[in-house]
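A.B. asks: this one's structure only:
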DNA sequence: GCCGTTTTCGGCCCGACTGTTTTCAGTCG
């Protein structure tokens, strides 16, 4: 069992406990345990072997034992017992928005409803409205939720939600009386997938802004509309929340809406220990409101340094802040070059010269041309001879611009056996070699891992491109033992790419943190296929920040030296 | 079930919104 599966077992346990009406804090303990397991930088079996499972935050004696059982048998006794006492369809019922454990338990007890089909039938027969505390509107609400649930996938890739969020910001900005507006939530934290879009606006008449937003042509359905919050489903099928607050309330509201929930819970708990109350309106000592003119003020009142949004996941940032050990995170201005771009020699749209000019305009000191190698026929991959000719073009640019260094590189294909698509003699003549997998994506874990490790053992390979191959929302990562890959990267001194394309963001946050802990260099690359693509870099920087990376860990945040 | 610069027991974040009530329970983030 891997971390994901253990986490899912704990989440299932939490759902079942909730249905049974157990102590909410016990439910939360399982949820928190699931989070901790999912985010563990190390394999559970390794931690267990070393007796260090309890070092994960939220894993105590009981959960430690259950992880042991899960690793040995794939399940644990308490879960098996609970499963026997709860109808099998209950989890899908609890997944219906607006239908929680209390209602689910009642529906089961009083109407014998035990799955979604049963709920649909009962709604059809209008049997819910006769229960005390239920009514026609509640039936209608559930009917809509059930229908929406069929359509909506729960999370959306950032590549979809970020542009949409930015478009919404512009629309809200134009609503009457709006003074400022910003994207919050998981998009601001730059999670690679997001469940909804969160916006915060400040206006003289906040309620009117919420109403205007809900009435916008982009909205297909209004879920809730109150004094401070409008919650809607957009035409795209994505949920959007707008918090609208009165002048002065912006920083506290932005902080609240940015979350994460777990980060906020920890901060509020910290506030309570200090005799303070933290909520979306500010921070209070009794009746007295403490000054909050910026998010920094909130942290200052709690005795903490500012924690950037990308770190707010309760994955160690609060402990680090308390200890004065928050990392110095990478900034866009730290990026001195881009080590992975394509040109019209392969599948790019622009010439070598045009890409170099665009890079100089961005203030870069160097740029590596890394077109595809020959086996990628669809991309007009280059062989040794064409690469040699391309090098002449690169040399001409370098002669004309001595202050800027254009590097001759390649994105060489890694074959099934881990050998490379170009001979060593060709690779030896290049400044920067990125090796990537583009075919044989379905090979098993051992083969994929071996492929990457062997590629890294080639002394000419400087970096591994998009190491896990995922395309967010479309393609799962290859089967891969990432820990072994990271270990090999450390051993061979190979950098791992953080591919900045929004649809990739590969490596993921967790993998970046692992690379950091193991002392592996990361190279943040745009993988641009045109001039505009160079601007992907900012996405890469924000992802790098989520992985706690600073200049020291990022290859292209340092001047170019051939090493 | 977890956890400890108040605690090894007794806490565990805080408020918006809805529907069905007339002061609140349930759900959500």
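C.D. replies: Sure, I can see it. Computed from a predicted structure; not experimentally measured. Residues are numbered from 1 along each chain as shown, chains lettered A, B, ... in the order given.

A.B. asks: tell me the residues of the stretch 1-150 of chain A that contact DNA strand B?
C.D. replies: For the stretch 1-150 of chain A, the contact set with DNA strand B under CB under 7 Å from any atom of the strand comprises A:23, A:25-26, A:28-30, A:32-33, A:54, A:57-64, A:78, A:96-104, A:129, A:132-139, A:141. To be clear about C-beta, it is placed using only N, CA and C from the backbone, and glycine gets the same treatment.

A.B. asks: narrow those residues to just the buried residues.
C.D. replies: Buried members of these, counted by 16 or more other CB atoms under 10 Å: A:29-30, A:32-33, A:57-59, A:63-64, A:78, A:96-97, A:99, A:101, A:103-104, A:134, A:139.

A.B. asks: low pLDDT regions in the stretch 451-563 of chain A?
C.D. replies: Residues of the stretch 451-563 of chain A that meet the criterion pLDDT under 70 lie in A:563.

A.B. asks: swap in the stretch 1-150 of chain A?
C.D. replies: In the stretch 1-150 of chain A (pLDDT under 70), the answer is A:149-150.

A.B. asks: in the stretch 151-300 of chain A, which ranges drop under the pLDDT threshold?
C.D. replies: For the stretch 151-300 of chain A, the stretches with pLDDT under 70 are A:151-154.

A.B. asks: can you show me the helices along it?
C.D. replies: Taking DSSP state H, counting those that start in this stretch as the criterion, the stretch 151-300 of chain A carries its helices at A:158-173, A:185-189, A:206-214, A:250-258, A:261-273, A:295-301.

A.B. asks: is DNA strand B within reach of the fourth one?
C.D. replies: Meaning helix A:250-258. No. No part of helix A:250-258 sits near DNA strand B under the criterion CB under 7 Å from any atom of the strand; the closest distance found is 7.8 Å.

A.B. asks: what's the offset of that helix from the middle of its chain?
C.D. replies: Its chain's C-alpha centre and that of helix A:250-258 lie 20 Å apart, by CA atoms, centre = their mean, to the nearest Å.

A.B. asks: try the fifth one
C.D. replies: Put simply, helix A:261-273 sits 22 Å off its chain's centre (CA atoms, centre = their mean).

A.B. asks: cool, the last one as well?
C.D. replies: Relative to its chain's centre, helix A:295-301 lies at 25 Å (CA atoms, centre = their mean).

A.B. asks: check which element follows it along the chain.
C.D. replies: Using DSSP states H and E, the helix or strand that follows helix A:295-301 in sequence is helix A:317-322.

A.B. asks: how about stretch A:350-359: buried residues?
C.D. replies: The neighbour-count check on stretch A:350-359 (16+ other CB under 10 Å) flags A:350, A:352, A:353, A:355, A:356, A:357, A:358, A:359 as buried.

A.B. asks: could those residues be laid out in CSV, adding distance to DNA strand B?
C.D. replies: Putting the buried residues of stretch A:350-359 into CSV (distance: CB to the nearest atom of the strand, whole Å) gives the following:
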residue, distance to DNA strand B
A:350, 42
A:352, 47
A:353, 48
A:355, 41
A:356, 45
A:357, 44
A:358, 39
A:359, 39
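
A.B. asks: outline the domain layout of chain A.
C.D. replies: A:3-151, A:156-251, A:259-322, A:332-557 (automatic domain parsing).

A.B. asks: on that earlier part again, for residue A:380, which of the helices of the stretch 151-300 of chain A is the nearest?
C.D. replies: helix A:158-173 (25.6 Å; CB to CB).

A.B. asks: for that closest one, enumerate the helices and strands it packs against.
C.D. replies: strand A:178-183, helix A:185-189, strand A:193-194, strand A:196-203 (3 or more CB pairs under 8 Å, 6 or more residues apart in numbering; DSSP states H and E).

A.B. asks: which of these sits most buried?
C.D. replies: Mean neighbour count (mean count of other CB atoms under 10 Å) peaks for strand A:196-203 among the helices and strands packed on helix A:158-173, with a mean of 25.

A.B. asks: in its sheet, which strands sit next to it, and in what direction?
C.D. replies: Neighbouring strands of strand A:196-203 in its sheet, by DSSP bridges, are strand A:178-183 (antiparallel), strand A:239-245 (parallel).

A.B. asks: list of residues touching that strand?
C.D. replies: Residues outside strand A:196-203 that contact it (CB atoms under 8 Å, 6 or more residues apart in numbering): A:161, A:164-165, A:168-169, A:172, A:175, A:177-188, A:209, A:234, A:238-250, A:253-254, A:257-258.

A.B. asks: number of residues surrounding the nearest residue to residue A:500 once chain neighbours are set aside?
C.D. replies: Spatial nearest neighbour of residue A:500, chain neighbours left out: residue A:540 (2.8 Å); criterion: CB to CB, 6 or more residues apart in numbering. Neighbourhood size, residue A:540 [other CB atoms under 10 Å]: 29.

A.B. asks: how about the secondary structure of residue A:540?
C.D. replies: Under DSSP: H, G, I helix; E, B strand; the rest coil, residue A:540 falls in the helix class.
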